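Student: any chance you could fold what I've pasted below:
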Amino acid sequence: MAETQEKTKNLEKIINVVDFTAAYGETVVIDNITFDVYRGEKFIILGGSGCGKTTLLKHMIGLFRPAKGRILIQGQDIGSAYGVQRIEILKSIGVAYQLGALFGSMTVIENVMLPLEEYTDLSNETMDLVARMKLNLVGLTGSENKMPAELSGGMIKRAALARAMSLDPDILFLDEPSAGLDPITSAELDQLINQLSKSLGITFVIVTHELNSIYNIADRVIMLDKSTKGIIAQGRPEYLRDNSTIPVVQKFFMRKTDEELGTGGSTKHDPAGGRE
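Tutor: Okay, here's the model as predicted:
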């Protein structure tokens, strides 16, 4: 734990989630959590089904307002921002959804150009050039005029990533980027994320439950828990795998049942938060 604090204490916080609660009506999904994401970090949100991973992501990108607390993107509250301030926040982030969310009636390059058309006054020639550059970054040069239906699952993920980067965001949010991909394609996507992080310095916030991707990508993770509605552990995934004494954390990283672990499935929170 002390080592983790030492590594992060001088880093710039690019996202602050403070006393955050998410609820649908009177049903609380996430209750009073606080954490930070540091600039340039590959930060993963993980946990079992129904723990609120996607709910948290949707709040972080401004689709929903918190029931309580704040989410600050580079110091600005995305939950309360409106008008020009909100637009500026949204321009600083990019989002790639689980299924890609490409428009089927538009070519790949037209999909990538959409944010440029929405948020800039660039000429068509410049937008075309920028879109081609983004497609080159994700390895899709030559696929500009294809329709989404002509793409493989991995190519759809890459096209969605290119579109998410079209405005040169500081932060990229990825929802289950490896979902539905075979192991080889998933590993290639992990490698691409690492390359983009290293070459462009983008901060990644990723929701996933894929263990291979977590180990391949993550600088740090937080694990949400459905029963406690909070963060049950955080730190490097390797540390949590090897050192956490929390049964639900062990189950997740070791993919073992309660019987195999010899526990009753307790979700008691470790006072150290499972951190290094």
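Student: okay, now the unreliable bits of this protein?
Tutor: 1-10, 100, 255-276 (pLDDT under 70).
Student: quick one: the strands in it?
Tutor: Here the chain has its strands, by DSSP state E, at 13-24, 27-38, 42-47, 68-73, 76-77, 93-96, 171-175, 203-207, 220-225, 230-235.
Student: tell me which residues in the first one are buried?
Tutor: Going back to what we said before, that points to strand 13-24. For strand 13-24, burial by neighbour count (16 or more other Cβ atoms under 10 Å) applies to 14-18, 20-23. Using the backbone N, CA and C atoms, a C-beta is placed for each residue, glycine as well.
Student: ok, stretch 56-70 next?
Tutor: For stretch 56-70, burial by neighbour count (16+ other Cβ under 10 Å) applies to 56-62, 66-67, 69-70.
Student: circling back to that earlier point, of the buried residues of strand 13-24, which is the nearest to Asp36?
Tutor: Asn16 (5.5 Å; Cβ to Cβ).
Student: is the closest one in a bridge, and if so with what?
Tutor: Beta bridges link Asn16 to Asp36, Leu72, judged by DSSP bridges.
Student: same question for the one 5 residues further on.
Tutor: In this structure, Thr21 bridges to Lys68 when assessed by DSSP bridges.
Student: for it, give its distance to Lys68.
Tutor: According to Cβ to Cβ, to the nearest Å, Thr21 and Lys68 sit 4 Å apart.
Student: now do the shared contacts for these two.
Tutor: Common neighbours of Thr21 and Lys68, counting by Cβ atoms under 8 Å, 6 or more residues apart in numbering, are Asn32.
Student: what's near enough to touch the residue lying closest to Glu110 once chain neighbours are set aside?
Tutor: Residue nearest to Glu110 in three dimensions, not counting chain neighbours: Phe103, with 7.7 Å by Cβ to Cβ, 6 or more residues apart in numbering. Phe103 sits next to 110-111, 114, 148 when contact means Cβ under 8 Å, 6+ apart.
Student: and Phe103, how far is that from Ile232?
Tutor: Using Cβ to Cβ, Phe103 is found at 38 Å from Ile232.
Student: of all the contacts of Phe103, which comes closest to Lys42?
Tutor: Using Cβ to Cβ, these come closest to Lys42 at Asn111, 24.8 Å.
Student: now do the contacts for Ser166.
Tutor: 94, 112-116, 130-131, 134.
Student: by neighbours, which of these wins?
Tutor: Val112 (30 neighbours; other Cβ atoms under 10 Å).
Student: hmm, that one is touching Ala160, no?
Tutor: No - applying Cβ atoms under 8 Å, one finds Val112 not in contact with Ala160, separated by 9.2 Å.
Student: now for the two: what residues contact both?
Tutor: Going by Cβ under 8 Å, 6+ apart, no residue sits against Val112 while also sitting against Ala160.
Student: ranges for the helices of the chain?
Tutor: Remark: helices assigned in the chain by DSSP state H are 2-8, 53-60, 83-91, 108-119, 124-137, 153-164, 183-200, 211-217, 237-243, 247-254, 258-261.
Student: and Glu176, which of the ones you listed is closest to it?
Tutor: helix 53-60 (8.2 Å).
Student: thanks a lot, catch you later.
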